[in-house]
Every structure is written in C-alpha cells, then in structure tokens.
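In: have a look at this fold, sequence not included:
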C-alpha cells in the first residue's frame, strides 16, 4: 500500500500484514511512480488517497504518469466520499441543487485563475464548496475568496465549516457568510457557502431543489 503517512495511519486496521510505502506532503508524484513501478513488477498495489481519489486525489496523477512513462499496468479507481459530500451529510442538504467545488490551494494553480473560477461560480448562483481554504502560512487565497463571495452574496447567506471529518477531532460550524472571516478554518476544513435560496431550517443547512410541497 502506497500513500501519505497520515492517511496510512488512519487506516491502520486495514494495513496489517501489508507492505507499506509512505511519504510526506508534496511527494505525490513520487508516490504515484512508486505505486506504478511496483504494479509493473507484478505486485498488487493500493494507492491510498483521502476522500475520493478522483476529487483532488491521486487518480488523475497516476493516470497521467502511467501514460507518460508508457506503463501498461491495469488500473482500477475505487470511489470514495469527497469532503464536500461528507460535510453535506453532516450539515443537512446544502448541495441538493447545483453546486461547484473550488480548491483555494495556489500551489499548482495560479491564484488569479482560482479567483476567476470562483467569480464564475458565485455569479451563476451556485452553492460552492471550498477545499484547501488556508494554512498557517497561506492565507491570501482565503482572504481573496472572502472578498469575491462578499461581492456577490449578502452576509446572511448560510455557510458552514466542516473540519477533520470522520476523525476524533471533527468539528462542524454552521454560520453565515458574514461569520466566515472569524471562523476557525485550516487545511483540514471544507467550507460550504449557500446560494440565494439556501437557508437554515430546524438546525439544518438546506438548499431547496424546488419540489412542490
């Protein structure tokens, strides 16, 4: 099994008796290459991602490297639960209508491109889920995203922060757009901001789909 150290620790009950190859953050390409090399050598390999491997996970990079290095190894992508969907289930039904996910990490995508995408999303009145909102040293994308959101949506728009979902440190905050600047947000958080029809009802974050009641 190949993966980020932290993710392998989370599934320790599934790794007993398995050969493990872990590495740190920003070593994604090396992990994928190691997994592909082992598979090319005839090994059965699981490349571990958090959430869904095809949503900001390792599936895309593994397929890119497989093609770039001419490795004819079979690949099966096993779906998981993305952070946006896990958060939505804990909060109510904020994603019942059309929505988009946007990562605020500017390590691989320029910030101006991220903000253009966010402008398009909120301008189209889509519910938005923000991944990788900020770290201890990378705060500019989060601050810029808040300005974009505030320019398009009123401060009372329902919003939520879901942090460390599924772990002992899980934390959920149901707030509004005006309360987000003061919210505790980090790289383990996903932030959901509603659209014009979103509301809080009986303690649940809800975006009505429009069914006739």
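Out: Structure received. Bear in mind the structure is a predicted one, so any value in this text is a computation, not a measurement. Numbering: from 1, shown residues only.

In: where do the helices sit along this structure?
Out: Along the chain, counting by DSSP state H, helices occupy 5-10, 28-40, 59-68, 83-91, 111-123, 140-152.

In: residue closest to the middle of this structure?
Out: residue 131 (4.4 Å; Cα atoms, centre = their mean).

In: residue 71 reaches residue 35, doesn't it?
Out: No - using Cβ atoms under 8 Å as the test, residue 71 is too far from residue 35 to be in contact (10.4 Å). C-beta: built from backbone N, CA, C; applies to glycine.

In: hang on, the earlier thing: could the helices of the chain be laid out in TSV, adding mean neighbour count, mean pLDDT and distance to residue 208?
Out: What follows is the helices of the chain, written out as TSV (neighbours: other Cβ atoms under 10 Å; pLDDT from 0 to 100; distance: least, Cβ to Cβ, whole Å):
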stretch	mean neighbour count	mean pLDDT	distance to residue 208
helix 5-10	14	90	35
helix 28-40	18	94	39
helix 59-68	16	96	33
helix 83-91	20	97	14
helix 111-123	16	97	19
helix 140-152	17	97	20
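
In: what would those look like in CSV with distance to residue 75?
Out: What follows is these, written out as CSV (distance: least, Cβ to Cβ, whole Å):
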stretch, distance to residue 75
helix 5-10, 19
helix 28-40, 8
helix 59-68, 7
helix 83-91, 23
helix 111-123, 28
helix 140-152, 32
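
In: residue 174: which of these is closest?
Out: Between residue 174 and the helices of the chain, the tightest spacing by Cβ to Cβ is seen for helix 83-91, at 6.5 Å.
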